[in-house]
Structure formats: structure tokens, C-alpha cells
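S.K.: model the following, please.
(one chain, ligands or ions: 1)
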Amino acid sequence: MATGKVADEEPKMGEPLLEVDGLTKHFADSGGFLSGVFGEQKPVRAVEDVSFTIRKGETLGLVGESGCGKSTLARAILRLVEPTDGTVYFKGENLTALDGEGLRSQRKDVQMIFQDPQSSLDPRMKIGPIVEEPMKAHGMYDSEGREARARELLEKVGLDPQHYNRHPHAFSGGQRQRVNLARALSVNPDFIVCDEPVTALDVSIQAQVLNTMRSLQDEFGLTYLFIAHDLSVIRHISDRVAVMYLGQLVELAEKEELYENPQHPYTQALLESIPVPDPRLEGTRGVLEGDVPSPIDPPSGCRFRTRCPKLIAPKEYDLSREEWENTRAFLREVQRRSFEPTTKEEIENRFFDGEKPHGDAGRIVDDAAGRIVDGDWDGATELLNESFAEKSICARQVPEYEVPTEHGTTPHDAACHRHRDDVLDGIQQ
Ligand SMILES: Nc1ncnc2c1ncn2[C@@H]1O[C@H](COP(=O)(O)OP(=O)(O)OP(=O)(O)O)[C@@H](O)[C@H]1O
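M.R.: The predicted structure is shown next:
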């Protein structure tokens, strides 16, 4: 089958296929009802300074809560939205610099599958011609050749080639997603971005579609960027996993390493939020607390710090581990207003076992407790944020570290300051 590629230009299995460097996407307008009413709008910082590499033949899973920027990242890689900054190299070619014909021909090598198999198939068209559409657009084969390839691909994705003339409504959700797969494969791509491709399917069907995707990957040497918010789906399909939070990657490691040795508090919280299969244990453990902050005004430093249960102590108070743990718990509960204010003494007993931290930190805690008793929750929150949260290294520097790998051979990156040498030595904890 003619692909138009020069053999020596092709990366070999395991070599970098896609290299994303500092990719950033800001949307100028949040689209809210107040847009434009108050003049200048702050941009929505949907994706900020994201870098990673995908090697030929692998599946990189991309996971994170809804709204963290996964789809925008995928679209910016494919230039379905224009990146604000950063570069994307595909087979060594800078996609962000391509225009017109160059971009069009690269788009053949890079395909995308979306979440909703229903709306991505034109209900008026038969599935054979649907699969043929991209081949037609790229001028591949004559009409007989296209039909032969469409039938062959329908079979490869697990459908009956005899169904070539049926309309999408005759197919189940899983089958429709298989039609999408056949369509994406028709132009012989190297790389497929799969944006929540099985999310809309029943769990029993999900595994079947994922297994088909795996065997197609082996057969055609495909590379996948696989987006999902479901950690068990990601575990099923990925070789390596990237975890995204509020527009940034917080952790990236081989699958086993990530699941067995998670190093970022956000990844740990996500993993602990997976429902426990043991029926004796009710509900979920360690569910993430608080809301995701707005990407219009994300927290400084580590973006997860406002929800992080492991916020690092500010150096200046020289607190013991226990003093800081109590102060941090107090800060979080005040932010969440999770208790009824009574007296200062009762608050201090509750959070500090009657023994406030020494020095300035203790005086600040005392002041905050006084404000709460007076009903001034905002004042107390502001004081604690200013005095503790904002002074933490977590608020002052953007973290980026490589950490030791326990399961696997490739680097493990975790964007958490707890991996700083001085923090590991206990100086700041
Ligand atoms: N065209 C747009 N204009 C303005 N803001 C946008 C636009 N597209 C996305 N956003 C915002 O960018 C952020 C990231 O959205 P995105 O859809 O990439 O997240 P996601 O992780 O894929 O979420 P989901 O899983 O719900 O699709 C969100 O705050 C979203 O509201």
C-alpha cells in the first residue's frame, strides 16, 4: 500500500515519534455571560507549558479530572486549535510551523477518534463510504481500491464486511466506535489520538474495544495518545501514563510504576478515589477535597497546592513535623469552613491538642481562631493563606523533578517539591 513515506525518515519502534515541548493554549475568551461586559478579559489558561515524548509503537495514557485540559492539549497537538506557545515535532518535523499543504499531508499520518461514536458518524451515509471518506480526501486509490480497503478494514476492526451498505443507526455504540477506528485507519496513519473513545460505552463493551485497539496497534505498528478520566481504562491500555491537573502534567511514568509507586499527591488522591472493590468497605477512600480552581486564575507555583494534603511547611517558622501537620489541617478545615466555631480554646484543643505551634506561627493561629469566633471566616482564611500557604515553596516555585524509578526502566517525572533534596532531608517538612 503506498504511503508516500521515505523509509529512512521513519522512526523505528521505541524511538521518539511525537515530541511536545512547552505546549501552551490560552483561550482569549472564557465565553461566560459577562464576557466583554467589563472590558478586558483574562485568558483561560487551559494548557500551560506541557512537555512530553511519545515513542513509536507505545500508548501514552493521559488522565485527569474533567476540565483539566486533556482535550485542549490533544487538539493543540493536532492544531485543531492553534497553540499559544510551544512546539510539536512529529517524526522530527515541526507541526506548529507547518501551514497549508504541509499540515494537510501530516494530518493523514495523525488521526483522531472522539468520545461520541454517535455524533461523529453522518447518519445519512452508509458505513462503507464513511470509512472511505478520508482516503478520498487524501486522493488515495481509485473507487474500487477504496471499497476493497474499506471492506478489509471493517473486518480488521471486528465488523462484518458485508455490512458495508448499512447505515450507522443499525450499529451499537461499540460497533460505531469500531467504524470510527476503521475510518481513522483507512489513511494508514502512524499516530492516533483517542479522546475518551470508550467512555460512552458499557463497561463490558469497553474491554472488547480496547482489546481490538491493542491488536490493531500490534498489527499496524500504531502509536496512541489515549485520553480518559477513568484510571482503570488507562491501566488497561497504556504503556506509560501522564497525569494532568489544571492545564499541566503533574506526573509521567511507566504504567506499573505509576500505579504501584505514585509520587505526586494528586496522582495518589486519584488512585485512592477509585472505588474499592471490597464490598465490606463502603464508598470511596480519600476522595479529592475541594473544587478545582479556575484556569482563568490558577494558583501560583504548584497548581495542586490549594487542594494538596501534603503542602510543604514554609521555612520561616521552623515548625516541627507535628506542629506543621496540625497547622496544615487547621488551614484546610478553615478554608472548607468544616466546623462550628465555639471558643478559641475549643478550636485550639480540636486542632492542636491544646498546644499551639511555637513562636509567630502560634500567634497567627491564635489570631485566626479569634477571627473565626468573631464570625470573620474570610479574614481567618486570608490570614492563614497569606501566612502559611502563600509562603510555602509550593506557592513560590513551579515544581519539576525526576524521581527514582522502582518498577521499570524509563524516567519517572513528578512535579512535586517534596522531591527536592532539602525537603527529602527533612529541613522543610
Ligand atoms: N473554546 C474554548 N473557549 C474557552 N475556554 C475553553 C474552550 N475550550 C475549552 N475551554 C476551557 O479549557 C479548560 C480545559 O477544557 P478541556 O475540554 O480541554 O478539558 P478536558 O480535561 O478535556 O475535560 P473533559 O474531560 O470534560 O472534556 C476548561 O476550563 C474549559 O472550560
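
S.K.: only C-alpha atoms for contact and neighbour calcs from this point on.
M.R.: Noted.

S.K.: dump the helix or strand bottoming out on mean pLDDT in the chain to CSV, restricted to CA.
M.R.: Of all the helices and strands that make up the chain, helix 421-424 has the lowest average by mean pLDDT, DSSP states H and E, namely a mean of 69. Only the C-alpha atoms of helix 421-424 are listed here, as CSV (Å, rounded to 0.1, in the frame of the first residue of the first chain):
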residue,chain,number,x,y,z
ASP,A,421,16.8,17.3,48.2
ASP,A,422,16.3,19.8,51.1
VAL,A,423,12.7,18.7,51.6
LEU,A,424,13.7,15.0,51.5
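
S.K.: helix, strand or coil: sort out the residue most central in space within the chain for me.
M.R.: What sits nearest the mean C-alpha location of the chain, by CA atoms, centre = their mean, is Met244, with 3.2 Å. Using DSSP: H, G, I helix; E, B strand; the rest coil, the structure places Met244 in strand.

S.K.: in space, what's closest to it - neighbours in sequence excluded?
M.R.: Gly64 (5.0 Å; CA to CA, 6 or more residues apart in numbering).

S.K.: do the same with Asn94
M.R.: Nearest residue to Asn94 in three dimensions, chain neighbours excluded: Val88, at 5.7 Å (CA to CA, 6+ apart).

S.K.: same question for Leu18.
M.R.: Nearest residue to Leu18 in three dimensions, chain neighbours excluded: Phe90, at 4.6 Å (CA to CA, 6+ apart).

S.K.: swap in Ser66?
M.R.: Nearest residue to Ser66 in three dimensions, chain neighbours excluded: His229, at 7.0 Å (CA to CA, 6+ apart).

S.K.: tell me which residues touch that neighbour, please.
M.R.: Residues in contact with His229, defined by CA atoms under 8 Å, 6 or more residues apart in numbering, are Leu62, Val63, Gly64, Glu65, Ser66, Glu196.

S.K.: mark which of those are buried, thanks.
M.R.: Neighbour counting over the contacts of His229 (16 or more other CA atoms under 10 Å) leaves Leu62, Val63, Gly64, Glu65, Glu196 as the buried ones.

S.K.: now do the strands in the protein.
M.R.: Assigned strands in the chain, in chain order: 16-27, 44-55, 59-63, 85-90, 93-94, 110-113, 191-195, 223-228, 240-245, 248-254, 401-403, 412-414 (criterion: DSSP state E).

S.K.: a markdown table please, covering these and showing distance to Val373.
M.R.: Output for the strands of the chain, formatted as a markdown table (distance: least, CA to CA, whole Å):
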| stretch | distance to Val373 |
| --- | --- |
| strand 16-27 | 42 |
| strand 44-55 | 37 |
| strand 59-63 | 42 |
| strand 85-90 | 48 |
| strand 93-94 | 59 |
| strand 110-113 | 55 |
| strand 191-195 | 49 |
| strand 223-228 | 45 |
| strand 240-245 | 35 |
| strand 248-254 | 38 |
| strand 401-403 | 42 |
| strand 412-414 | 40 |
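
S.K.: pipe the ones you listed into a markdown table and attach distance to Lys136 and mean pLDDT per row.
M.R.: Below are those laid out as a markdown table (distance: least, CA to CA, whole Å; pLDDT from 0 to 100):
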| stretch | distance to Lys136 | mean pLDDT |
| --- | --- | --- |
| strand 16-27 | 26 | 97 |
| strand 44-55 | 29 | 97 |
| strand 59-63 | 28 | 98 |
| strand 85-90 | 24 | 96 |
| strand 93-94 | 25 | 92 |
| strand 110-113 | 15 | 92 |
| strand 191-195 | 19 | 96 |
| strand 223-228 | 23 | 97 |
| strand 240-245 | 34 | 97 |
| strand 248-254 | 37 | 97 |
| strand 401-403 | 46 | 89 |
| strand 412-414 | 42 | 96 |
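
S.K.: got the phi/psi numbers for the residue in the stretch 301-429 of the chain positioned nearest to the ligand?
M.R.: Proximity to the ligand, evaluated over the stretch 301-429 of the chain using CA to the nearest ligand atom, is greatest for Arg303 at 13.9 Å. Per-residue torsions, Arg303: phi -70, psi -20 (degrees, to the nearest 10).

S.K.: okay, Ala184: pLDDT?
M.R.: For Ala184, the model assigns a pLDDT of 95.

S.K.: quick one, what contacts the closest residue to it other than its chain neighbours?
M.R.: The spatial neighbour of Ala184 that comes closest, neighbours along the chain excluded (CA to CA, 6+ apart), is Gln111 at 5.8 Å. Contacts for Gln111 (CA under 8 Å, 6+ apart) come out as Ala184, Leu185, Pro189, Phe191, Ile192, Val193.

S.K.: tell me who's in contact with the residue nearest to Ala253 when sequence neighbours are not counted.
M.R.: In space, and not counting its chain neighbours, Ala253 is closest to His412: 4.6 Å by CA to CA, 6+ apart. By CA under 8 Å, 6+ apart, the residues touching His412 are Glu251, Leu252, Ala253, Glu254, Glu257, Glu402, Val403, Pro404, Thr405.

S.K.: beta-bridge partners for His412, please?
M.R.: Val403 (DSSP bridges).

S.K.: how close does it sit to Lys310?
M.R.: 20 Å (CA to CA, to the nearest Å).

S.K.: His26 pairs with what?
M.R.: Going by DSSP bridges, His26 forms beta bridges with Arg45.

S.K.: kindly report the same for Ile113.
M.R.: Cys194.

S.K.: between the longest helix that the chain contains and strand 59-63, how big is the angle?
M.R.: Longest among the helix segments of the chain by residue count, using DSSP state H, is helix 203-220. Counting by axes from the mean of the first three to the mean of the last three CA atoms, to 10 degrees, helix 203-220 lies at 140 degrees to strand 59-63.

S.K.: what does helix 203-220 contact?
M.R.: So helix 203-220 is contacted by 57, 156-158, 174, 177-178, 198-199, 222-223, 236-237 (CA under 8 Å, 6+ apart).

S.K.: do stretch 327-345 as well
M.R.: In contact with stretch 327-345 (CA under 8 Å, 6+ apart) are residues 290, 311, 347, 351-352, 354, 357, 365-366, 369-370, 372-373, 375, 377, 380-381, 384-385.
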